[in-house]
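>>> Here's a sequence, model it:
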Amino acid sequence: MEKNEPLLSEDPPLSPTFEEQEGDGHWMRQLEANRVREREVLERLLLASLNEQKRTRRTRNWFRLFIAAYLMVLLWLGNLGNDLPHLDNLAIKHKHVAVVHVRGVIMDEMPASADTVIKGLREAFEHPDTEGVILRINSPGGSPVQAGRIYDELIRLQKRYDKMPIYAALEDICASGGYYVAAAAPKIYADKATLVGSIGVMMQNFGLQQTLEKLGMESRLLTAGKHKGFLDPFSPVNPSEKQHAQGLLNRIHEQFIKAVESGRGDRLKAGREELFQGLIWTGEEAVKLGLVDGLGSASSIARQMIKNDRLVDFTSKEDLLTRISKSMTGAAMQALPVGEHNWRWQ
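As a prediction, this is how the structure comes out:
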């Protein structure tokens, strides 16, 4: 190679021609157009997938609704087999004994609420073919307000239908507010193993102040009103508030005692110190104490006392959906503390 011959590495860079530049631009535009089409295809696929998911969910929901309706129909048909016919399924054309149930916790929005029980009692008394009324109680108690309303209504109905035989038939348990209701009946019967009594009132609460201190935490409760944080579980016990709460309990307890004494009268065979301190007894023991008149069931009362064994259930019943909803709500309410300050009456 001669001295003056330029090396390849020294050649000047080649510049693209106008045609090459134009070709590159066309290629870029084509690439961008392809990307747009791909994005549109992806959007259509995604939209189709979402629509398919909506259709699937809608189909699944309809299927679940169908299953739920099917189960409800089965439950309704199962109710037809109850031992006591209900008004909806029986055209009452004969003399009968009306039965009204008080089942479970006596509380508003529950099956044994005052509104529900009172409605059944009124229908039972008002029916022209009712020869006697039996209040069938299986309850651990509940709200003193709800129990008091049932008690007062039963007393009123007795005065209005003074010739109507009225009995309370106690089943597994008749305690606290349950016995409050039973005390309004002229005659009370129970099974020998029925749990009877618990004539008292309680307020449930708890304190977490020391727990907070161990965790290095503090309560920052702010109130407008000196006692608005009444019995706050995260604050120290206020002696005046504790005294006030005890006064509330004592006054409601006294109302309970007066209701029992008014209903049972001279049949009570023990004093206040024994009967009204919250203890419970068996049905046999309750007979000896005068809390119960004798041993028997709803059917034996109807057969032996009223002389008519045709029992008709007058308990007010809601539609199945409402009953299921309230049953779930009631379970949740019993599992959780009730009220603003985490306490409840029983």
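
>>> Helices along the stretch 201-346 of the chain, start to end?
Remark: helices assigned in the stretch 201-346 of the chain by DSSP state H, counting those that start in this stretch are 209-214, 239-264, 272-275, 283-289, 298-300, 320-335.

>>> same question, the stretch 1-150 of the chain
In the stretch 1-150 of the chain, the helices defined using DSSP H, counting those that start in this stretch lie at 18-79, 114-126, 144-160.

>>> and those helices as CSV, adding distance to residue 187?
Any C-beta I mention is one placed from the backbone N, CA and C, and that applies to glycine too. As requested, the helices of the stretch 1-150 of the chain are exported to CSV (distance: least, C-beta to C-beta, whole Å):
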stretch, distance to residue 187
helix 18-79, 30
helix 114-126, 16
helix 144-160, 11
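
>>> hmm, back to that, which one of the helices of the stretch 201-346 of the chain lies nearest to residue 163?
Proximity to residue 163 (C-beta to C-beta) singles out helix 239-264 among the helices of the stretch 201-346 of the chain, at 19.2 Å.

>>> and the closest one, how far out from the chain's middle?
Offset of helix 239-264 from its chain centre (C-alpha atoms, centre = their mean, to the nearest Å): 26 Å.

>>> same question, stretch 285-300
30 Å.

>>> Show me which positions of that stretch end up buried.
Across stretch 285-300, burial judged by 16 or more other C-beta atoms under 10 Å covers 286-287, 289-293, 295-299.

>>> Can you show me the CA trace of stretch 36-53 as PDB?
This file holds the C-alpha atoms of stretch 36-53, laid out as PDB (Å, rounded to 0.1, in the frame of the first residue of the first chain):
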ATOM      1  CA  VAL A  36     -52.300   1.600  17.400                       C
ATOM      2  CA  ARG A  37     -54.000  -1.500  15.800                       C
ATOM      3  CA  GLU A  38     -52.500  -3.800  18.400                       C
ATOM      4  CA  ARG A  39     -53.800  -1.500  21.200                       C
ATOM      5  CA  GLU A  40     -57.300  -1.400  19.700                       C
ATOM      6  CA  VAL A  41     -57.300  -5.200  19.500                       C
ATOM      7  CA  LEU A  42     -56.100  -5.500  23.100                       C
ATOM      8  CA  GLU A  43     -58.800  -3.100  24.200                       C
ATOM      9  CA  ARG A  44     -61.500  -5.000  22.400                       C
ATOM     10  CA  LEU A  45     -60.200  -8.300  23.900                       C
ATOM     11  CA  LEU A  46     -60.200  -6.700  27.400                       C
ATOM     12  CA  LEU A  47     -63.700  -5.300  27.000                       C
ATOM     13  CA  ALA A  48     -64.900  -8.700  25.800                       C
ATOM     14  CA  SER A  49     -63.300 -10.400  28.800                       C
ATOM     15  CA  LEU A  50     -65.000  -7.900  31.200                       C
ATOM     16  CA  ASN A  51     -68.400  -8.400  29.600                       C
ATOM     17  CA  GLU A  52     -67.900 -12.200  29.800                       C
ATOM     18  CA  GLN A  53     -67.000 -11.900  33.500                       C
END
